[in-house]
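Asker: show me the folded form of this:
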Amino acid sequence: MRQRSVRLTDAQWTAIEPHLPLESPSSRGGRPRVTHRDAVEGILWVLKTGGRWRDLPAEYPSGSTCWRRLRAWDAAGTWLRLWRALLGQLDARGRLQWEQTFTDG
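Answerer: Now for the predicted structure:
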């Protein structure tokens, strides 16, 4: 297997994981679900490269799996909560320069 070009560090994953929904096994049995970390790395690959979901390299979960997870988390407000939490952490450490921000409607 090739090395993934997008890989979260353990520190990055530690910051993200608490904001994602709990992983639960399928009640129908079958193949185990793709881990949230693998799905996030697949989503980040698409965002980083601008590639299509169907072009996700084989070392990531399938594009349809990553896309469905992205869509479900968006509908549940997960991404917005994660974004706010990470901005809050940066702000608390004085890492944001609010005077250099703008609002786009």
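Asker: just want the most central residue of the protein.
Answerer: Val40 (3.3 Å; C-alpha atoms, centre = their mean).
Asker: how about that one, secondary structure?
Answerer: With DSSP: H, G, I helix; E, B strand; the rest coil as the basis, Val40 sits in helix.
Asker: numbering from 52 from now on, please.
Answerer: With 52 as the first residue, the last one maps to Val91.
Asker: correct me if wrong: it contacts Ile67.
Answerer: Yes - here Val91 reaches Ile67: they are 6.6 Å apart, a contact under C-beta atoms under 8 Å. Every residue, glycine included, has its C-beta placed from N, CA and C.
Asker: what is in contact with these two at once?
Answerer: Leu59 (C-beta atoms under 8 Å, 6 or more residues apart in numbering).
Asker: rewinding a little: please report how far the residue nearest to the centre of the chain lies from Trp130.
Answerer: According to C-beta to C-beta, to the nearest Å, Val91 stands 11 Å off from Trp130.
Asker: check Ser113 too.
Answerer: According to C-beta to C-beta, Ser113 and Trp130 sit 20 Å apart.
Asker: helix, strand or coil for Trp68?
Answerer: Slight slip there: residue 68 is Glu, not Trp. Applying three-state DSSP: Glu68 is helix.
Asker: is it in contact with Thr86, as I believe?
Answerer: No - counting by C-beta under 8 Å, Thr86 is not a contact partner of Glu68; they are 10.2 Å apart.
Asker: quick one, which of the two is more surrounded?
Answerer: The residue with more neighbours, out of Glu68 and Thr86, is Glu68; 14 against 11, by other C-beta atoms under 10 Å.
Asker: residue contacts, the more buried one?
Answerer: When contacts are counted by C-beta under 8 Å, 6+ apart, Glu68 is found next to His87, Arg88.
Asker: try 10 Å
Answerer: Leu59, Glu74, His87, Arg88, Val91, Leu133 (C-beta atoms under 10 Å, 6 or more residues apart in numbering).
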